[in-house]
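Peer 1: model the following, please.
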Amino acid sequence: MAGELKRLSVIMPTLDEAQGIAATLESLRELRGRGHEVIVVDGGSRDGTPALAEALADRVLATSASRAGQMNAGAQAAAGDVLLFLHADSRLPDAADRLVLQGLAAGGAEWGRFDVRIAGANPMLRAVETMMNLRSRLTHICTGDQGMFVRRDAFDAVAGYPDQPLMEDIAISARLRRRSAPLCLRERCLTSARRWESRGVLRTIVLMWWLRLQYALGAAPARLARRYGTRGH
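Peer 2: Okay, the predicted model is just below:
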């Protein structure tokens, strides 16, 4: 784990995010002003997302619609000492760069995540986020909603995200936790509630737990992705 950690690369996979991409990238303006970089990797948007991102990111790349593949492409192009993977509908806490870089430098962790806060007034969302954060601390498994970050050398050592259409965050967590426990920051990454609200909160909770159980039992990620109804995201 040699080398001083100075620069953060925020990597954001996108697919048809025109409605909110400008606001999300604008929230990273101060971080860019402190010398960190933001890389958007688009998976074939049809709504003009890349054009909206051009003026607000350091680089905008294009690749196929696979979130794992997009994040790996962004990592390959990144110049930072630490890679932070952020969903296009999420916002980092204040001073996220300091929290990540100093936190990793101070301890033995090679990777980590923030606690998550789900936007929305539904009281069930408070229970969802509480369980997500607690489960992550107990299992050392992190999800994309939590703003996962990892030292570049550790990311390379585990060969990045596996090429699968779903549960790529769980898979890379399983690889990384063999190297170190994650740094679990209590500052919160705010993420949209759209995934839960589009299907209904309770229905989405049941679906996600069922998908995780099936994955743990060995179900193929491609089959689970079809059940989830994802186009790469």
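
Peer 1: so Gly74 sits in a strand?
Peer 2: No: Gly74: not assigned to a strand; according to DSSP: H, G, I helix; E, B strand; the rest coil it is helix.

Peer 1: quick check, Gln70 in a helix?
Peer 2: Yes: applying three-state DSSP, one finds Gln70 inside a helix.

Peer 1: if I pick it, what's in contact with it?
Peer 2: 13-14, 41-43, 63-64, 232 (C-beta atoms under 8 Å, 6 or more residues apart in numbering). Any C-beta I mention is one placed from the backbone N, CA and C, and that applies to glycine too.

Peer 1: weed out the non-buried ones from these.
Peer 2: 13-14, 41-43, 63, 232 (16 or more other C-beta atoms under 10 Å).

Peer 1: could those residues be laid out in CSV, adding distance to Gln164, pLDDT and secondary structure?
Peer 2: Formatted as CSV, these follow (distance: C-beta to C-beta, whole Å; pLDDT from 0 to 100; DSSP: H, G, I helix; E, B strand; the rest coil):
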residue, distance to Gln164, pLDDT, secondary structure
Pro13, 14, 97, strand
Thr14, 19, 97, strand
Val41, 17, 98, strand
Asp42, 20, 98, strand
Gly43, 15, 96, coil
Thr63, 15, 96, coil
Gly232, 11, 39, coil
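
Peer 1: of the residues you listed, closest to Met132?
Peer 2: Checking the buried ones among the contacts of Gln70 against Met132 with C-beta to C-beta, the nearest one is Pro13 at 19.7 Å.

Peer 1: just checking, the closest one touches Ile39?
Peer 2: No: Pro13 lies out of contact with Ile39 (C-beta atoms under 8 Å); the separation is 9.8 Å.
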